[in-house]
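> could you look at this predicted model? Sequence included:
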Amino acid sequence: MNCNSAKSMLLPFLRDELSAEEVDELTRHLKDCPQCREDLEIYYIVQRGIDGLSKASLSTFDFKEQFERDLSRKTTEAHNHLSLLRTARAFFRTAVMIAVFAGMYVVYRWFF
Ligand SMILES: [Zn+2]
């Protein structure tokens, strides 16, 4: 993923509008790209600031710490979702293979 597509995903990312695959791609890019990470941090702080304007605790709110927590939570969620998906796919492939071999065996027994 390049920086342009990463930057276009930052706001949808903060709004939880990305799929697990997109979050996975984006967070992998963010790991190696301090520039995009910084942009995300800025978006995040602005958004949290807007969300928290009415809250009295805003002045004591630790944006940086909250940002790191949210980012690692989103990364973990996407990762968990994807590994579940991969396990399901591997399971399905194995089941199909077993069915094919069972079918071949039945056909073999039928004719020979
Ligand atoms: Zn970048």
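Done, it's in.

> residues contacting the residue nearest to Ala78 when sequence neighbours are not counted?
Nearest non-adjacent residue to Ala78, counting by CB to CB, 6 or more residues apart in numbering: Val23, 3.8 Å away. The way it works is simple: take the backbone N, C-alpha and C, and place the C-beta from them, glycine included. Contacts for Val23 (CB atoms under 8 Å, 6 or more residues apart in numbering) come out as Phe13, Lys74, Thr75, Glu77, Ala78.

> helices of this structure, start to end?
Per DSSP state H, the chain carries helices over the ranges 3-14, 20-32, 34-52, 63-111.

> that older thread, possible to save the contacts of Val23 as a markdown table with pLDDT?
As requested, those are arranged in a markdown table below (pLDDT from 0 to 100):
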| residue | pLDDT |
| --- | --- |
| Phe13 | 94 |
| Lys74 | 90 |
| Thr75 | 91 |
| Glu77 | 90 |
| Ala78 | 91 |
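
> give me the buried subset of those residues.
Phe13, Lys74, Thr75, Ala78 (16 or more other CB atoms under 10 Å).

> per-residue pLDDT, the closest residue to the second one other than its chain neighbours?
Translated: Lys74. For Lys74, ignoring the flanking residues on the chain, the nearest one in space by CB to CB, 6+ apart is Val23 at 5.9 Å. pLDDT for Val23: 94.

> how near is Asp51 to the ion?
According to CB to the ion, to the nearest Å, Asp51 stands 25 Å off from the ion.

> and for Leu40?
From Leu40 across to the ion, the span is 10 Å (CB to the ion).

> I'd say that residue and Leu30 touch.
Yes - contact criterion CB atoms under 8 Å: Leu40 and Leu30 qualify, at 6.4 Å.

> what's the overlap in contacts for the two?
Leu71.

> what does the chain put close to the ion?
For the chain, the residues in contact with the ion (CB under 5 Å from the ion) are Cys3, Ala6, Cys33, Cys36.
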